[in-house]
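S.K.: show me how the following folds:
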Amino acid sequence: MTNFKGIAVALMTTAAIASAGTAMAQDGANIFVIGGKADDPFWSIVKRGAEDAGQIVEAQGGTVTWLGPQNYDNLGADAADLIRTAIAQGADAIVGPDWVPESMDEAFMAVTEAGIPLIIYNAGGLEAADRLGAMNYVGSDDFLAGKAAGEYFAEAGVTNLVCVNTLPGAANLQAQCAGLAEGATGKGGTAEELPLPMTSFGNPTAVTQAIKAHLLQNPEVTGLYTIGNVDANSASIAITQAGAADRVKLGGVNMDQTILNNIQAGSQLFAIDQQGYLQGFLAVALLNNYVNYGLTVPTRQILTGPGIVDASNVEATMAGVASGTR
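M.R.: Reported below is the predicted structural model:
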């Protein structure tokens with residue numbers, strides 16, 4: 001397993017040697033990162049990656065500022081306001097996910113029109129980076145992640161799927177559900193989306209009850225796919241409460257220690273890994289090097305996933321979760 005902490009330390013050492021030998025040509029980069037709620041389990045990992053890269057930024061005289069919404073009730077508009085806040089506060093570079101393009105693209109265009117370097121990460125893909133004039137896209141391909149999940153389910157004999165979407169309207173999650181459907185149908189299965197109110201996101205009880213009700217009303221369902229680790233844990237409880245553990249298999253994007261334990265125990269089939277730590281770390285590191293030194297990489301789409309964690313590799317993954325990087 002790659003030692004990302006070791007990479008960060010090595011880079012810091014290199015930066016320290018370079019700065020000791022010569023004076024910095026300019027002040028460091030002030031980088032603003034738009035992300036999810038600080039207490040969101042997935043986004044806390046992305047934030048850690050950004051902060052670890054931020055140690056290099058700070059050693060070179062710059063700063064990394066994390067901006068996240070208070071909740072996900074009005075995600076697109078709130079995220080657009082955060083982008084505008086970063087511009088107003090004098091950002092030298094900005095990182096952000098294009099969750100809801102119709103609400104956020106105008107704000108992102110203001111970034112590039114102001115000549116501020118931009119990286120799209122986590123959501124939107126290279127298409128969003130091209131449309132918005134961003135340097136790079138760093139993250140997973142959401143459609144391919146869903147497709148890989150649909151194929152995995154079908155190959156395991158699980159062919160009647162439901163994609164539980166607790167943030168309907170978010171482009172990356174719609175892509176996940178669309179990919180799941182294509183992957184399943186390509187292998188002879190079926191898949192439908194179960195959109196829940198956005199207010200249910202982060203409310204485990206509400207998600208559990210909604211999934212339980214759906215399973216009781218639809219006994220033909222044999223597989224559930226969730227769009228986040230909190231939802232996966234809620235779905236696991238719902239399956240048990242519905243008395244459906246024998247017929248319904250669970251998979252989803254992202255993971256935590258509970259999910260890995262469930263995979264190890266056989267109560268969850270798999271998890272899609274998009275390596276959120278790398279998304280935060282690489283996006284900040286790329287922008288820092290660009291602002292300070294004009295460095296770029298020729299590969300504009302830098303994919304951090306999808307990968308599949310199942311019984312075959314779950315033990316190797318646990319060490320990364322324990323360190324807060326998976």
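S.K.: which stretches of this protein have low pLDDT?
M.R.: 1-26 (pLDDT under 70).
S.K.: and the strands in it?
M.R.: For the chain, the strands defined by DSSP state E cover 30-34, 63-67, 93-96, 118-121, 136-140, 160-165, 190-195, 223-226, 249-253, 270-273, 301-305, 307-309.
S.K.: for residue 288, which of the ones you listed is the nearest?
M.R.: strand 30-34 (6.4 Å; C-beta to C-beta). The way it works is simple: take the backbone N, C-alpha and C, and place the C-beta from them, glycine included.
S.K.: just checking, what packs against that closest one?
M.R.: With contacts defined as 3 or more C-beta pairs under 8 Å, 6 or more residues apart in numbering; DSSP states H and E, strand 30-34 has these neighbours: helix 41-59, strand 63-67, helix 75-88, strand 93-96, helix 276-293.
S.K.: tell me what the last one is packed against?
M.R.: Think helix 276-293. Using 3+ C-beta pairs under 8 Å, 6+ apart: helix 276-293 touches helix 4-21, strand 30-34, helix 41-59, strand 93-96, strand 118-121, strand 136-140, strand 301-305.
S.K.: domains of this protein?
M.R.: As assigned by automatic domain parsing, the chain contains the domains 4-139+275-305, 142-273.
S.K.: let me know which of those domains is tucked in deepest.
M.R.: domain 142-273 (a mean of 21; mean count of other C-beta atoms under 10 Å).
S.K.: gap between that one and the chain center?
M.R.: When distances are taken as C-alpha atoms, centre = their mean, to the nearest Å, domain 142-273 is centred 16 Å away from the chain's centroid.
S.K.: picking that back up, dump the helices and strands packed on strand 30-34 to JSON lines, plus distance to residue 238.
M.R.: Listed next are these as JSON lines, based on distance: least, C-beta to C-beta, whole Å:
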{"stretch": "helix 41-59", "distance to residue 238": "18"}
{"stretch": "strand 63-67", "distance to residue 238": "32"}
{"stretch": "helix 75-88", "distance to residue 238": "24"}
{"stretch": "strand 93-96", "distance to residue 238": "33"}
{"stretch": "helix 276-293", "distance to residue 238": "25"}
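S.K.: out of the ones you listed, the one nearest residue 153 is which?
M.R.: With C-beta to C-beta, the closest approach to residue 153 among these belongs to helix 41-59: 21.4 Å.
S.K.: elements contacting the closest one?
M.R.: Using 3+ C-beta pairs under 8 Å, 6+ apart: helix 41-59 touches helix 4-21, strand 30-34, strand 63-67, helix 229-241, helix 276-293.
S.K.: re earlier: so which of the domains of the chain comes closest to residue 321?
M.R.: Here domain 142-273 is closest among the domains of the chain (C-beta to C-beta), at 5.4 Å.
S.K.: quick check: the nearest residue to residue 275 once chain neighbours are set aside vs residue 148, distance?
M.R.: Once flanking residues are discounted, residue 275 sits nearest to residue 304: 4.1 Å by C-beta to C-beta, 6 or more residues apart in numbering. Per C-beta to C-beta, to the nearest Å, residue 304 is found 14 Å from residue 148.
S.K.: swap in residue 180?
M.R.: From residue 180 to residue 148 the distance is 9 Å (C-beta to C-beta).
S.K.: residue 107 now?
M.R.: Distance from residue 107 to residue 148, by C-beta to C-beta: 31 Å.
S.K.: ok, now residue 279?
M.R.: Taking C-beta to C-beta, one finds residue 279 at 18 Å from residue 148.
S.K.: got it, and residue 169?
M.R.: 23 Å.
S.K.: ditto for residue 187
M.R.: Going from residue 187 to residue 148 by C-beta to C-beta gives 11 Å.
S.K.: now do residue 265
M.R.: On the measure of C-beta to C-beta, residue 265 and residue 148 end up 23 Å apart.
S.K.: what's the answer for residue 64, then?
M.R.: 32 Å.
S.K.: with residue 296 instead?
M.R.: 30 Å.
S.K.: ok, now residue 54?
M.R.: 31 Å.
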